[in-house]
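[1] Let's see this in three dimensions:
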Amino acid sequence: MSRPRPGDYPAYFERYLSLVPDGDIETTLEARIVVTVDLFSRVAPEREGYRYAAGKWSVRESLGHIIDTERIFSCRALRVARGDQTPLTSFDQDLFVAGADFDHYPLADLIAEMAIVRRSTIALFRHLAPQSLDRHAPFADSRLTARAAAWIIAGHEIYHQAILRDRYSAALT
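    Below is the predicted model of the structure:
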């Protein structure tokens, strides 16, 4: 699956797409989950609730956010690929994190869930017909293609991996 073109997604998401290396997106998604699992597995058990500043998400909440976002973009991709032209809506990430209560789950459970969600995402994109990848639906001030959703998922994960390494380094072993 080739890289999406500008105009296949709202400009805001370029911040994520720019982080994704060229190449096959399925291979990238498979490789990135290994990095994510390894990175979050390095969090000391007593630091799973660590926040780098007041009001910021904990380590668990950060991973929960990655999981939620992947599910949402997978659903968006499915809708678009199947020809649904209903305008796509945004979601309030802070509301989702607050409503999920991720800090009451062991990080190991969230890591396992992330791996399951990723396997599902890869299966979805692997089984989309090539002609469905460039179907699009209205989204924000632009549109979104199924192809772009795959790259946004990967870029979003890479973005949060960098934040974990940079701002949550005190929680890593």
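
[2] So which residues of the protein form helices?
    14-17, 25-41, 59-81, 93-100, 107-126, 146-167 (DSSP state H).

[3] For the ones you listed, give me TSV that also has mean neighbour count, mean pLDDT and distance to residue 50.
    Just so you know, the C-beta spots here come from the backbone N, C-alpha and C atoms, and that holds for glycine as well. Shown next, in TSV, are these (neighbours: other C-beta atoms under 10 Å; pLDDT from 0 to 100; distance: least, C-beta to C-beta, whole Å):
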stretch	mean neighbour count	mean pLDDT	distance to residue 50
helix 14-17	16	97	24
helix 25-41	17	96	12
helix 59-81	21	98	5
helix 93-100	14	96	15
helix 107-126	16	98	10
helix 146-167	21	97	10
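
[4] Nearest to residue 7, out of those helices?
    Proximity to residue 7 (C-beta to C-beta) singles out helix 146-167 among the helices of the chain, at 9.4 Å.

[5] Out of the helices of the chain, the one nearest residue 135 is which?
    helix 59-81 (5.3 Å).

[6] what's the distance between the closest one and the middle of its chain?
    5 Å (C-alpha atoms, centre = their mean, to the nearest Å).

[7] With stretch 118-133 instead?
    Counting by C-alpha atoms, centre = their mean, stretch 118-133 is centred 15 Å from the centre of its parent chain.

[8] Would you mind measuring from the residue lying farthest from the centre of the chain to residue 66?
    Using C-alpha atoms, centre = their mean, the residue of the chain lying farthest from its centre is residue 46. It sits 25.4 Å away. Relative to residue 66, residue 46 is positioned 22 Å away (C-beta to C-beta, to the nearest Å).

[9] Check residue 38 too.
    Residue 38 is 14 Å from residue 66, by C-beta to C-beta.

[10] Perfect, I'm done here.
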